[in-house]
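Chemist: What shape does this take:
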Amino acid sequence: MKIAVFDTETVNTVKPFCYNVGVVIYDTEQEKTLFKKEWVIKDIWYNKPLFATAYYAEKRPIYIKRMRARKIKLVTYRECCKELLSIFNQYEVQFAYAYNSPFDDGVFKFNCEWFKVVNSFDNLPILDIATLVHKVIAFTSEYQNFCDKYELYTETGNYSTTAENVYRYITNQIDFLEEHTALNDSEIELEILLYCINKGCEFGKEYKKYSSIPRIKELKFIDKRNGKDKIKEYIFKNCKKIRISKDKTQVTIS
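Modeler: Model (predicted):
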């Protein structure tokens, strides 16, 4: 089976104009990468005021260096989609994967509609690597202990399952930082996918995705009323603050 792992970089999430696309073609039977490529999109790249608003606009020198070294191809969005479709056909790709694929799927739909281009993924199922992570990594004590050790939490206090933090876990490289360029991110996402396959997931199958991976906090205190010690245990999910009244009879969470 041949699969494609891809990633996109966009100006923002509201109007996700795409300026960078990367793809890796992998043979699941031979267990090797057959092809990889990256594009910078002219339509956005040369619109400097728009590109300047991009979340990762500071990455521009990286792209310039790689384009000068001919490691990245500068094309129109139309040319990128046409070439992608040709690659999928050439390698007879059966499935495409992306981390949090609904976002990248939405990026292609938005840009294809904006630029009036045929979507390269119209006839190719797109599967979410994050669902495999939730199946075999996110709920394990090993991963959650790793997150606790390095305080890898979401803004709401749950366990983080970003590609960056999952990659840190599977490689034991806590200092790893995602480059946030499309090909580099596609390569680490392929590594995450293969790790999940080795843990029992199947190619071509999507699993349940959870909105959050709750972190359970435990609070124990002693109630000495009536002259007796009574231990009460309170377990709270998704709470940032726990406040206990002075007499320890009331617990407020937020």
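
Chemist: quick one, what contacts the residue lying closest to Arg60 once chain neighbours are set aside?
Modeler: Leaving out its chain neighbours, the residue that sits closest to Arg60 by CB to CB, 6 or more residues apart in numbering is Phe51, at 7.1 Å. Every C-beta, even on glycine, is put in place using the N, C-alpha and C of the backbone. Residues in contact with Phe51 (CB atoms under 8 Å, 6 or more residues apart in numbering) are 11, 19, 44-45, 57, 60.

Chemist: partner strands of the one helix or strand Val21 maps to, parallel or antiparallel?
Modeler: If you go by DSSP states H and E, Val21 is part of strand 18-27. Strand 18-27 has the following strand partners under DSSP bridges: strand 2-10 (antiparallel), strand 32-41 (antiparallel).

Chemist: ranking those by burial, who's on top?
Modeler: Stretch with highest mean neighbour count among the strands paired with strand 18-27: strand 2-10 (a mean of 24; mean count of other CB atoms under 10 Å).

Chemist: Which parts of the stretch 101-250 of the chain are strands?
Modeler: 126-128, 216-223, 230-237, 242-244 (DSSP state E, counting those that start in this stretch).

Chemist: mind checking how far the spatially closest residue to Lys32 that is not a sequence neighbour is from Glu191?
Modeler: The shortest distance from Lys32 to any non-neighbouring residue, by CB to CB, 6+ apart, is to Tyr26 (7.4 Å). Using CB to CB, to the nearest Å, Tyr26 is found at 11 Å from Glu191.

Chemist: If you count surrounding residues, which of these two has more?
Modeler: Between Tyr26 and Glu191, Tyr26 has the larger neighbour count (other CB atoms under 10 Å), namely 23 against 15.

Chemist: and that one, what does it touch?
Modeler: By CB under 8 Å, 6+ apart, the neighbours of Tyr26 are 2-5, 32-34, 190.

Chemist: Closest one of these to Asp122?
Modeler: For these, the residue nearest Asp122 by CB to CB is Ala4; the value is 13.8 Å.

Chemist: Which pLDDT value goes with that closest one?
Modeler: pLDDT recorded at Ala4 is 98.

Chemist: who does it bridge with?
Modeler: Ile25, Ala96.

Chemist: can you check the one 4 residues further on too?
Modeler: Each beta-bridge partner of Thr8 is listed here: Val21, as defined by DSSP bridges.

Chemist: does it really touch Ala182, like I thought?
Modeler: Yes: using CB atoms under 8 Å, Thr8 makes contact with Ala182 at a distance of 6.1 Å.

Chemist: on that earlier part again, report the buried residues of the strand holding Val21.
Modeler: Using 16 or more other CB atoms under 10 Å as the test for burial, strand 18-27 gives 18-26.

Chemist: If we only consider these, which is nearest to Thr140?
Modeler: Tyr26 (24.9 Å).

Chemist: show me the contacts for the residue nearest to Ile129 when sequence neighbours are not counted.
Modeler: Excluding the flanking residues, the one nearest Ile129 by CB to CB, 6+ apart is Tyr99, at 4.6 Å. Shown in contact with Tyr99 (CB under 8 Å, 6+ apart): 7, 128-130, 163, 185, 189, 192.

Chemist: Show me how to select, in ChimeraX, the buried members of those residues.
Modeler: Selecting only the buried entries of the contacts of Tyr99 in ChimeraX, with 16+ other CB under 10 Å as the criterion:
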select :7,128,129,130,163,185,189,192
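
Chemist: Quick one: the contacts of Tyr99 as CSV, columns for pLDDT too.
Modeler: Formatted as CSV, those follow (pLDDT from 0 to 100):
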residue, pLDDT
Asp7, 98
Asp128, 98
Ile129, 98
Ala130, 98
Ala163, 98
Asp185, 97
Glu189, 98
Ile192, 98
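
Chemist: biggest separation within the contacts of Tyr99, which pair?
Modeler: Pairwise over the contacts of Tyr99, using CB to CB, the maximum falls at Asp128 and Asp185, 14.7 Å.
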